[in-house]
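S.K.: sequence isn't available, so here's the structure alone:
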DNA sequence: ATGCGTGCAAACGATTTGCAGAGAA
DNA sequence: TTCTCTGCAAATCGTTTGCACGCAT
């Protein structure tokens, strides 16, 4: 039984998570976000961070990325297309232009697939991290 | 201390895992592979399945896909490019033609990124699953 | 007053690892 | 013989959930 948040009530924690996620700038894990919030005085529970993060992801206000070791979250605009350039060193993520969606559709057609979603992630080092 | 397999010794279990993975055809979880092997009489340990699967992935003989719920493995040729069309119903995966790699390089350049790897996964329903 | 969201701790499920024994080289 | 791989069980680790209480509505 998934105990998802119904998102009917406005709470301090919800705002705190939302703003902390935006402030993070890139992809962060739930645990790390909780850590940052805690060290800034917010006495929020880890479970609540998870619940709010999942709620944000469901509502389209955050997108997620699965990596070995867990799930990462990042603030985003609802409806945004999830194509990123992710820095493996600092976690910064940059939205990139829509790729050749026609190519995807064509490949799917050719194989008799009906596409429901697609994901493109490009990993590397951002300008700052590749210096020095 | 990661206790990775050094892959110096030829064992029955190694062969068993390799062939079971090939036989699976699509992406399978370690647990499911272990289950299939067990029900076919192979008395192999789950830990060994994990160890061999990870070894295969490291050597490039298997590629992996992270999904909510765990990691999936699939047999592949070393050096293969990891672009798939994955059926969300039956797990079948089809290799798709290389995408517009130039587009990726261009986007990266534009943002000052150095690309180390990229990942493209397209999810949907395969022909069989979308019928009836 | 009503009942949703929170916090804590316990529960979970996937994956990893310590250790002693089996088997390949 | 020597040293790697296996198997089992226990340990990890990220994440989810049960429950009682506080607070938004």
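M.R.: Arrived safely. Please read all numbers here as calculations on a predicted model, not as lab measurements.
S.K.: do you know how far residue A:118 is from residue A:92?
M.R.: 23 Å (C-beta to C-beta, to the nearest Å). Every residue, glycine included, has its C-beta placed from N, CA and C.
S.K.: okay, and for chain A, where does confidence drop off?
M.R.: For chain A, applying pLDDT under 70 flags the ranges A:1-2, A:79-82, A:88-91, A:98-100, A:132.
S.K.: which residues in it form helices?
M.R.: Taking DSSP state H as the criterion, chain A carries its helices at A:12-24, A:30-39, A:46-59, A:101-110, A:127-130.
S.K.: mind checking the longest strand of chain A?
M.R.: strand A:114-125 (DSSP state E).
S.K.: circling back: nearest to residue B:126, of the helices of chain A?
M.R.: With respect to residue B:126, and counting by C-beta to C-beta, the nearest of those is helix A:101-110 at 9.7 Å.
S.K.: in the closest one, what counts as buried?
M.R.: A:103-104, A:107-108 (16 or more other C-beta atoms under 10 Å in any protein chain shown).
S.K.: what's the answer for stretch A:109-125, then?
M.R.: Buried residues in stretch A:109-125, defined by neighbour count with 16+ other C-beta under 10 Å: A:111-113, A:115, A:118, A:120-125.
S.K.: helices or strands up against the longest strand of chain A?
M.R.: If you count contacts as 3 or more C-beta pairs under 8 Å, 6 or more residues apart in numbering or on different chains; DSSP states H and E, strand A:114-125 packs onto strand A:83-87, helix A:101-110, helix B:101-110, strand B:114-125.
S.K.: could you check how far it is from the centre of its chain?
M.R.: 13 Å (C-alpha atoms, centre = their mean, to the nearest Å).
S.K.: can you check stretch A:63-73 too?
M.R.: In terms of C-alpha atoms, centre = their mean, the centre of stretch A:63-73 is found 7 Å from the chain centre.
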